[in-house]
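A.B. asks: After the sequence you'll find the predicted model.
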Amino acid sequence: MIGCMTTLLVSHSDCLYHDTSPGHPESPDRLRAVMRALEAAEFAPLLREEAPSATDAQLLRAHPREVLRLLAAKVDESAMEGYAQIDADTVVSPGSYIAARRAAGAVCHAVGAVALGEVGNAFCAVRPPGHHAESRRPMGFCLFNNVVVGALEARAVYGLRRIAVVDFDVHHGNGTQELFESDPTLFYASCHQWPFYPGTGRAGETGVGNVVNVPLAEGAGGAAFLRAIGDRIIPALADFRPDLLMISAGFDAHENDPLAGLNVATEDFESATDMLCAAAERLCGGRVVSTLEGGYNLKDLAASAAGHVRSLMRHG
């Protein structure tokens, strides 16, 4: 599929209205930085579409209705003071529920476009991120688990039965693992700093044989990061043989990120994306949907996300 189709960029300005309070690292400026980088001339060929809001039906495949009620109630509470806390790290404001629905809806929209062959692959530039959100618990800056909502949409609506998520955020995606680990038709793989937040992601956590965790020690650099993907994750992905590959694209393993301790360089994210897209071409017709997770140094987040999208475009 190399070069024969288009890469889709899905975003929405509503994602900027999730205000997490002054000084919070998961700020609207993160998305602004990424979108500015993607305005460069080299990204002109991107197909750009606005994210719809996720429907209740889409969200309820991953989260029970009480989670939707909790988030709506917390947002209502924030109208009084400007902010409301879900946990020590997770803050909502009056625009948060709308933003979270757009973020999850973006991934569903991208899945549909890729599944129907309208585009070769897609990147969802959205916030809040999603991979820490468990079935019944928003946490870790995350409200809905965007990538899981999209994966379950792929199965329920488009008949893609075997869905894989590869997560290279520096933090383990406990929520995605929790939602996937008992279903052998879903696959989750993560390389992440360990020991580190949120405390999950040991190598021995393997689900029903469908979970691959590759912990990286603090200080590990790009070579170890790329080996984790090339030597551990991609062979397991090949054994699983997905119908769709989804990527939880966090860029906080970057050497300059303020919230973590890995030493991955900007260009390593582009190399990792090349490896994953090449695997997808062999395994599932190149179908890839990626969504933004973490990354908190604005300059390096923007450059790393641009490299990621550059790779998607080469393979789209």
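C.D. replies: Noted; the coordinates are in hand.
A.B. asks: the helices in the stretch 51-200 of the chain, which residues?
C.D. replies: Assigned by DSSP state H, counting those that start in this stretch, the stretch 51-200 of the chain shows helices spanning 56-60, 65-81, 96-115, 146-158, 174-180.
A.B. asks: Can you lay out these as a markdown table showing mean pLDDT and distance to residue 250?
C.D. replies: Backbone N, C-alpha and C define where each C-beta goes, glycine included. Output for these, formatted as a markdown table (pLDDT from 0 to 100; distance: least, Cβ to Cβ, whole Å):
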| stretch | mean pLDDT | distance to residue 250 |
| --- | --- | --- |
| helix 56-60 | 98 | 22 |
| helix 65-81 | 97 | 22 |
| helix 96-115 | 98 | 14 |
| helix 146-158 | 98 | 11 |
| helix 174-180 | 99 | 12 |
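A.B. asks: Please identify which of those is closest to residue 274.
C.D. replies: Residue 274 sits nearest to helix 96-115 of all those, at 18.1 Å, using Cβ to Cβ.
A.B. asks: which other helices and strands contact that closest one?
C.D. replies: Helices and strands touching helix 96-115, as assessed by 3 or more Cβ pairs under 8 Å, 6 or more residues apart in numbering; DSSP states H and E, comprise strand 7-11, helix 56-60, helix 65-81, strand 121-124, helix 146-158, strand 244-249, strand 288-292.
A.B. asks: do that again at 7 Å, thanks
C.D. replies: Helices and strands touching helix 96-115, by 3 or more Cβ pairs under 7 Å, 6 or more residues apart in numbering; DSSP states H and E, are strand 7-11, helix 56-60, helix 65-81, strand 121-124, helix 146-158, strand 288-292.
A.B. asks: So for the longest one, what gets flagged as buried?
C.D. replies: The reference is to helix 65-81. Across helix 65-81, burial judged by 16 or more other Cβ atoms under 10 Å covers 67-68, 70-71, 74-75, 78.
A.B. asks: Take those and lay them out in TSV including distance to residue 314.
C.D. replies: TSV is the format used below for these (distance: Cβ to Cβ, whole Å):
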residue	distance to residue 314
67	38
68	38
70	42
71	38
74	41
75	40
78	42
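A.B. asks: quick one on the thing from earlier: would you list the helices of the stretch 51-200 of the chain in a markdown table and tack on distance to residue 288?
C.D. replies: Below are the helices of the stretch 51-200 of the chain laid out as a markdown table (distance: least, Cβ to Cβ, whole Å):
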| stretch | distance to residue 288 |
| --- | --- |
| helix 56-60 | 20 |
| helix 65-81 | 28 |
| helix 96-115 | 7 |
| helix 146-158 | 12 |
| helix 174-180 | 16 |
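A.B. asks: do you know which of those helices lies nearest residue 284?
C.D. replies: Residue 284 sits nearest to helix 96-115 of all these, at 9.9 Å, using Cβ to Cβ.
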